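Asks: one predicted model, sequence on top.
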Amino acid sequence: MKKYSLLLLVTFTLIEINAQVTISGKIKDNKGKPVAGASVSLKDTYDGTVTDSTGHYIFTASEKGDFIFLVSNIGYKSFEQKVTVDSKSISIDAVIKEELSELKAVTVISGSFAAGDNTSVTVCSVRSCSFSTSRARSITATGKPASRATSIP
């Protein structure tokens with residue numbers, strides 16, 4: 001009987017030592033809205049998950065010790081917080097701030113060429129919203145207008 005008691009005690013001790021800790025919480029933006037699809041993890045480990053559509057997350061940490069809790073998502077500044085993972089469950093709610101980024105310039109050129117007067121070439125740039133239209137002459141022997149160019153600088 002003593003053998004079984006000792007074996008049972010050792011088994012429960014090993015289970016307790018290797019027990020995983022649950023980390024859960026909710027991620028919101030600076031306007032109080034839930035952030036879906038944010039990456040939530042313990043930095044430099046394989047432990048983590050992604051938030052659901054309501055901003056909630058839950059995962060288990062397989063390692064114990066001091067870590068950096070990390071939240072990141074496209075369009076937001078990363079959030080970091082020191083945490084100590086021991087045998088207790090941890091609840092961390094975080095607020096991440098939007099990160100403004102500026103698009104310098106994009107030019108899209110589109111064109112088609114066909115016989116007739118209604119062929120168009122479109123040029124678009126994000127910097128300005130004005131447009132201009134001009135008629136171009138064909139380089140054919142007929143001398144009739146063959147294309148129209150529309151520019152959106």
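Replies: Yep, it's here.

Asks: can we go C-alpha only for contacts and neighbour counts from here?
Replies: Will do.

Asks: what's the local residue count around Val35?
Replies: Using other C-alpha atoms under 10 Å, Val35 has 22 neighbouring residues.

Asks: strands along this structure, start to end?
Replies: Taking DSSP state E as the test, the strands found in the chain are 21-29, 39-42, 48-50, 56-61, 65-72, 79-85, 90-91, 94-96, 107-111, 120-125, 132-137, 145-152.

Asks: tell me how the protein divides into domains.
Replies: Taking automatic domain parsing as the reference, the chain has its domains at 20-96, 107-152.

Asks: lowest mean pLDDT across those domains, which one is that?
Replies: Lowest mean pLDDT of the domains of the chain: domain 107-152, a mean of 48.

Asks: mind listing what's buried in stretch 36-52?
Replies: Within stretch 36-52, the residues that count as buried by 16 or more other C-alpha atoms under 10 Å are 36-42, 48-52.

Asks: check stretch 77-87 too.
Replies: For stretch 77-87, by 16+ other C-alpha under 10 Å, it's 78-80, 85.
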